[in-house]
Every structure is written in C-alpha cells, then in structure tokens.
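Engineer: below: sequence and its predicted model.
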Amino acid sequence: MLHVASESTTSQPRGEYVAVPVRFDEVADVAHKLGLTPAQVRRLANAGILPVAGTTGRRSRLFQPADVDRLREARARQADARRR
C-alpha cells in the first residue's frame with residue numbers, strides 16, 4: 001500500500017504530518033474500469049485528460065480513483081448525448 005503525507009486535524013500539533021493510506025489505480029485497473037486498452041489510458045494521461053497522481057518505483061503511472069470515476073461519468077454523458 002502506498003502512503004502520502006497528509007496534514008492531521010486531530011491531536012497532532014499544527015504543521016506536523018501523519019501517513020494516511022491512499023489507494024491508487026494502475027494503468028491496467030483504469031483500462032478495465034473504462035473499457036479501454038492500457039495504451040489508450042496512457043494517451044489520455046499524456047493529453048492531460050486523466051491526471052496522473054504519481055508513479056511507482058517501476059515508473060508505472062498511478063491514478064486517483066475519483067479522477068477515474070469522473071472520466072467514466074464524462075464519457076457516459078458524451079455517449080448519451082450522441083445517442084440523442
């Protein structure tokens with residue numbers, strides 16, 4: 001599991017950080033969720049349409065699930081508009 005530093009709002013003194021577990025999706029996960037190929041996901045990331053949240057030590061791109069969900073919803077709205 002990956003961790004990012006996040007400012008604490010509990011008992012930590014102001015300015016100190018605590019590790020908070022965060023789940024990211026890799027390219028293959030995103031491709032599966034969106035019904036695309038991994039190459040298409042990389043192109044969306046390269047174009048700035050799908051923000052990259054970070055990379056692994058192997059340089060694999062990581063995406064926030066919320067960004068993937070927003071893109072999936074936008075693609076569904078576009079598909080609905082084309083059907084009308």
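Structural biologist: Looks like it came in fine.

Engineer: residues making contact with the helix or strand harbouring residue 32?
Structural biologist: Following DSSP states H and E, the helix or strand that holds residue 32 is helix 27-34. Applying C-beta atoms under 8 Å, 6 or more residues apart in numbering, the contact partners of helix 27-34 are 25, 36-38, 40-42, 50, 60-61, 63, 68, 71-72, 75. C-betas here are computed from N, CA, C, even on glycine.

Engineer: distance check, residue 59 against residue 69.
Structural biologist: Separation of residue 59 from residue 69 (C-beta to C-beta, to the nearest Å): 24 Å.

Engineer: the more surrounded of those two?
Structural biologist: Neighbour count, other C-beta atoms under 10 Å: between residue 59 and residue 69, residue 69 has more, with 12 against 6.

Engineer: helix/strand/coil for that one?
Structural biologist: Classification of residue 69 by DSSP: H, G, I helix; E, B strand; the rest coil places it in helix.

Engineer: check it and give its pLDDT.
Structural biologist: Predicted confidence (pLDDT) at residue 69: the value is 96.

Engineer: next one: residue 44
Structural biologist: 98.

Engineer: returning to that earlier point: ranking the contacts of helix 27-34 by neighbours, who comes first?
Structural biologist: Busiest of the contacts of helix 27-34 [other C-beta under 10 Å] is residue 41, holding 26 neighbours.

Engineer: pretty sure it contacts residue 47?
Structural biologist: No. Contact status for residue 41 versus residue 47: not in contact, 10.9 Å apart, counting by C-beta atoms under 8 Å.
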